[in-house]
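Peer 1: next one to model:
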Amino acid sequence: MTSQRDYNLELSDADGHKYAYNFDLDVMHPFMLRSFEPLFNQGSTLELGSFRGDFTKRLLNHLEDITCVEASDMAIADARKVLGDRVRYVHGLFETVQLPGRYDNIILTHVLEHLDDPVGVLRRINDEWLSDKGRLFLVCPNANAPSRQIAVKMGLISHNSAITPAEAAHGHRNTYTLDTLEREVAGGGLRVVHRSGIFFKALANFQWDRLLQTDIISKEYLEGCFALGQIYPDLCSSIYLVCEKG
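Peer 2: Below is the predicted model:
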């Protein structure tokens, strides 16, 4: 992230479901938490890029003492309306923000792909913000998701890791695979202790949103896609790493 970017403008791109999808909020968020929960530490938590607090609200059911850093003051204002003073908010850029201590859990979900200097931010996490027992929970959209591979075959994007116009408008800078994500983590000095995927996904988000309004998709089907994603992480909607200090 850089000071030349307008984060409130990137926030507004999510209004009217231009980029925000119920699939992310209602399907991916619960499955992300289920993936993380066994590895959470007791203690303090730092969420980097909390947006409007949708995922933060879910974290409050599992963790206490949460601090959120967010570059958009409009997003913080929206989050405060819902969460009040249950979390601490810091308005700032990851590259320059000064935080008072170290944290036992650091959450970075669907944020790294937005950063202009991802390795630099990961280095700050390793050197300045992770406690000695701390863990980083890092989630990114997966370039190799079948939905993206299908889009390539349809001629909608040129290659799996291409950035679509909608992604660019929302501030995306990269689209990661597991190997390129691990490359960034290693560059930041962190050590990977767990890697996997979240939710096998062959349809685009807007297609999922339409299906979720019907009775075609059952709870059992969603559970099956989640279980299959753990077997085939490279074919998931999102990929994730759990990291400790290097």
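Peer 1: tell me where the protein has strands.
Peer 2: For the chain, strands defined by DSSP state E occupy the ranges 45-48, 66-70, 88-91, 103-109, 130-141, 191-200, 236-244.
Peer 1: need those strands in CSV with distance to Glu220, mean neighbour count and mean pLDDT, can you?
Peer 2: Where C-beta positions appear, they are placed from N, C-alpha and C, glycine not excepted. What follows is the strands of the chain, written out as CSV (distance: least, Cβ to Cβ, whole Å; neighbours: other Cβ atoms under 10 Å; pLDDT from 0 to 100):
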stretch, distance to Glu220, mean neighbour count, mean pLDDT
strand 45-48, 31, 26, 98
strand 66-70, 33, 23, 97
strand 88-91, 39, 16, 96
strand 103-109, 26, 24, 98
strand 130-141, 24, 21, 98
strand 191-200, 14, 18, 97
strand 236-244, 18, 24, 97
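Peer 1: following the least confident helix or strand in the chain by mean pLDDT, which helix or strand comes up?
Peer 2: Using mean pLDDT, DSSP states H and E, helix 7-12 stands out as the lowest-scoring helix or strand of the chain, at a mean of 61. Per DSSP states H and E, the first helix or strand lying C-terminal to helix 7-12 is helix 22.
Peer 1: other residues contacting that following helix?
Peer 2: Trp208, Asp209, Leu212 (Cβ atoms under 8 Å, 6 or more residues apart in numbering).
Peer 1: remind me, longest helix of the chain?
Peer 2: Determined from DSSP state H, the single longest helix within the chain is helix 219-231.
Peer 1: from the chain's centroid, how far away is it?
Peer 2: 19 Å (Cα atoms, centre = their mean, to the nearest Å).
Peer 1: do stretch 67-82 as well
Peer 2: Relative to the centre of its chain, stretch 67-82 is centred 16 Å away, using Cα atoms, centre = their mean.
Peer 1: quick one: low-confidence parts of this protein?
Peer 2: 1-20 (pLDDT under 70).
Peer 1: ok, back up a step: which helices and strands sit right next to the longest helix of the chain?
Peer 2: If you count contacts as 3 or more Cβ pairs under 8 Å, 6 or more residues apart in numbering; DSSP states H and E, helix 219-231 packs onto strand 191-200.
Peer 1: gap between Pro118 and Pro165?
Peer 2: Pro118 sits 21 Å away from Pro165 when distances are taken as Cβ to Cβ, to the nearest Å.
Peer 1: before we move on, what about Leu122?
Peer 2: For Leu122 relative to Pro165 (Cβ to Cβ), the value is 27 Å.
Peer 1: of the two, give the one with the bigger neighbour count.
Peer 2: For Leu122 versus Pro165, neighbours defined as other Cβ atoms under 10 Å are more numerous around Leu122 (25 against 8).
Peer 1: need the contact list for Arg88.
Peer 2: Ile66, Thr67, Cys68.
Peer 1: swap the cut-off to 6 Å and go again
Peer 2: Arg88 makes contact with Thr67 under the criterion Cβ atoms under 6 Å, 6 or more residues apart in numbering.
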